[in-house]
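Novice: Quick one, structure for this:
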Amino acid sequence: MKLQYLGTAAAEGWPALFCRCESCRAARKLGGRHLRTRSQSIIDDRLLIDFPPDTYMHMLTHFVNLPDIKHCLITHCHSDHLYTGDLSMRSGAFARELEGEDISFYGNDTFVKTMDDFAAAKARQLNIKWHELTEYVTVHIGGYSVTPILARHNPAEKCLNYIISDGQKTLLYLHDTGFPKDETWDFLKNFRFDLVSCDCTVLVKQMDGGGHMSFADNIRVRERMIREGMASENTVFVANHFSHNGAFAPDGKVWLYEETDAMMRKKGFIMSYDGMTVTV
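Specialist: Take a look at the predicted model:
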């Protein structure tokens, strides 16, 4: 199973749209892996996870064949994970030779309501289907077993994380979420993971609770999963989904890619970057 990170930033991107902070100035100057677009991933070049405003850029930069994608999982409805505006481009006015070829989106009840309202407003054929998922109930999507679990993110929405298996390998996609709740841990005990991708929005800042994790939280996740048999020392752990605000440590130090990745590898993690591919 191959997981490619198309975008690895939080909602504002990194460098952030209108920011002059030291971490954003450094990213603009250094370029390369310091430049991060809004969060999106793809499994085996065919199963998308999330649909942010940067999807078009990801298509160009990472050669994603969007017309051939048939399935997309949505974690939640914040605009950096679901940007419905670009779905209008699937209409006949903009996309030719697409008739009869649907893309299916999957998400929570808020997502379904959002799509119902979006489609009603457009009132034209978009070659899109959408389906509501139930937490902790496994469904089969495009050759994968997909199990949505509850994320700890937006209290106003039933946000989802995903367990995805191709029958040989199993990955856990923990974005966007704070440290998982007890009910989630109880459910995860039923699985053994080959790859775990952890929300690390807060990065090196100190944080207790909330809808995102820090790297300190990521370490806690890894230690608990190994201790309780959900993962092993061979499981690949990746830190992903970063905010430029999280680069500022309490001592004032600003953490950028190379140094942060080296620090994370000592703790058993890889720091994601846009375009990075992990195969298990």
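
Novice: Go through stretch 225-239 and flag the buried ones.
Specialist: Met225, Met230, Ala231, Thr235, Val236, Phe237, Val238, Ala239 (16 or more other Cβ atoms under 10 Å). Any C-beta I mention is one placed from the backbone N, CA and C, and that applies to glycine too.

Novice: quick one: the strands in the stretch 51-200 of the chain?
Specialist: Using DSSP state E, counting those that start in this stretch, the strands assigned to the stretch 51-200 of the chain run over residues 71-73, 103-107, 128-132, 139-141, 144-150, 160-165, 170-174, 195-199.

Novice: Tell me where the stretch 101-250 of the chain is predicted with low confidence.
Specialist: Along the stretch 101-250 of the chain, segments meeting pLDDT under 70 span 123-124, 208.

Novice: try 90
Specialist: Applying pLDDT under 90 to the stretch 101-250 of the chain picks out residues 101, 119-127, 205-210, 250.

Novice: hey, where'd the helices end up in it?
Specialist: For the stretch 101-250 of the chain, helices defined by DSSP state H, counting those that start in this stretch occupy the ranges 109-122, 182-188, 215-227.

Novice: Pull the most distant pair out of the buried residues of stretch 225-239.
Specialist: Distance extremes for the buried residues of stretch 225-239: the farthest pair is Met230 and Ala239 at 17.5 Å, using Cβ to Cβ.

Novice: Lys29: which of the strands of the stretch 51-200 of the chain is closest?
Specialist: Evaluated with Cβ to Cβ, the strands of the stretch 51-200 of the chain place strand 195-199 nearest to Lys29, the distance being 26.9 Å.

Novice: Okay, angle between the closest one and strand 160-165 too, please.
Specialist: Here strand 195-199 runs at an angle of 170 degrees relative to strand 160-165 (axes from the mean of the first three to the mean of the last three Cα atoms, to 10 degrees).

Novice: Quick one: list the elements packing against strand 195-199.
Specialist: Where contact means 3 or more Cβ pairs under 8 Å, 6 or more residues apart in numbering; DSSP states H and E, strand 195-199 is packed against strand 170-174, helix 215-227, strand 236-240.

Novice: could the ones you listed be laid out in CSV, adding distance to Ile43?
Specialist: Listed next are those as CSV, based on distance: least, Cβ to Cβ, whole Å:
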stretch, distance to Ile43
strand 170-174, 8
helix 215-227, 20
strand 236-240, 13
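
Novice: Mind checking the ones you listed for the one nearest to Trp255?
Specialist: Minimum separation from Trp255 across these (Cβ to Cβ) falls at helix 215-227, 9.2 Å.

Novice: these two touch, right, Ala16 and Glu22?
Specialist: No. Assessed by Cβ atoms under 8 Å, Ala16 is found out of contact with Glu22, at 12.0 Å.

Novice: In terms of neighbours, single out the busier of those two.
Specialist: Between Ala16 and Glu22, counted using other Cβ atoms under 10 Å, Ala16 has the larger neighbour count: 19 against 14.

Novice: who's in contact with that one?
Specialist: Cys24, His244 (Cβ atoms under 8 Å, 6 or more residues apart in numbering).

Novice: out of the helices of the stretch 101-250 of the chain, deepest packed?
Specialist: Of the helices of the stretch 101-250 of the chain, the one with the most neighbours on average (mean count of other Cβ atoms under 10 Å) is helix 215-227, at a mean of 19.

Novice: for it, packing partners?
Specialist: Contact here means 3+ Cβ pairs under 8 Å, 6+ apart; on that basis helix 215-227 packs against strand 195-199, strand 236-240, strand 269-271.
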